[in-house]
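Participant: this is a predicted model, with the sequence first.
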Amino acid sequence: MPLDKRVTIKIPRPLYERLKMIIQGTGFSSVNEFIVYVMRDIASAGKLKGEVGLSKQEVELIRKRLATLGYLSENE
């Protein structure tokens with residue numbers, strides 16, 4: 001990859017050192033390679049903030065199940 005297609009991202013040194021220890025024996029050749037792998041995985045999901053909660057339909061289904069089990073009254 002040509003140098004002009006890369007950017008530098010700064011992370012705290014303690015985090016870098018911790019990641020360096022974590023990747024030992026995993027097949028990742030560097031912390032940078034590991035970070036790129038993780039970021040690609042997150043980016044490919046297309047979700048990050050605000051999309052991890054339950055939908056209204058999911059909440060309603062859970063409420064119905066809890067009511068059926070006797071944990072909630074029908075009008076809660």
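Facilitator: That came through, no problem.
Participant: and R63, how many neighbours?
Facilitator: Neighbourhood size, R63 [other CB atoms under 10 Å]: 14. (C-beta placed from N, C-alpha, C; glycine too.)
Participant: distance of it from S55?
Facilitator: From R63 across to S55, the span is 13 Å (CB to CB, to the nearest Å).
Participant: same deal with N32?
Facilitator: With CB to CB as the criterion, N32 and S55 are 37 Å apart.
Participant: element containing the residue lying closest to I9 once chain neighbours are set aside?
Facilitator: Leaving aside its sequence neighbours, I9 sits nearest to I35 (CB to CB, 6 or more residues apart in numbering; 7.7 Å). Under the criterion of DSSP states H and E, I35 resides in helix 31-45.
Participant: next SSE downstream of that helix?
Facilitator: Next along the chain after helix 31-45, taking DSSP H and E as the criterion, comes helix 56-68.
Participant: thinking again about what came up before, report all helices and strands that the helix holding I35 contacts.
Facilitator: helix 13-22 (3 or more CB pairs under 8 Å, 6 or more residues apart in numbering; DSSP states H and E).
Participant: the helix it packs on - contacts with which helices or strands?
Facilitator: helix 31-45.
Participant: show me what counts as buried in the helix it packs on.
Facilitator: Within helix 31-45, the residues that count as buried by 16 or more other CB atoms under 10 Å are 31, 34-35.
Participant: how much space separates E17 from I11?
Facilitator: Taking CB to CB, one finds E17 at 10 Å from I11.
Participant: walk me through the domains of this protein.
Facilitator: 1-45, 50-76 (automatic domain parsing).
Participant: so which residue is smack in the middle of this protein?
Facilitator: Of all residues in the chain, the one closest to the mean position by CA atoms, centre = their mean is I42, 6.0 Å from it.
Participant: show the pLDDT at that residue.
Facilitator: For I42, the pLDDT comes out at 78.
Participant: measure it to V36 for me?
Facilitator: Look at I42 and V36: by CB to CB, they are 11 Å apart.
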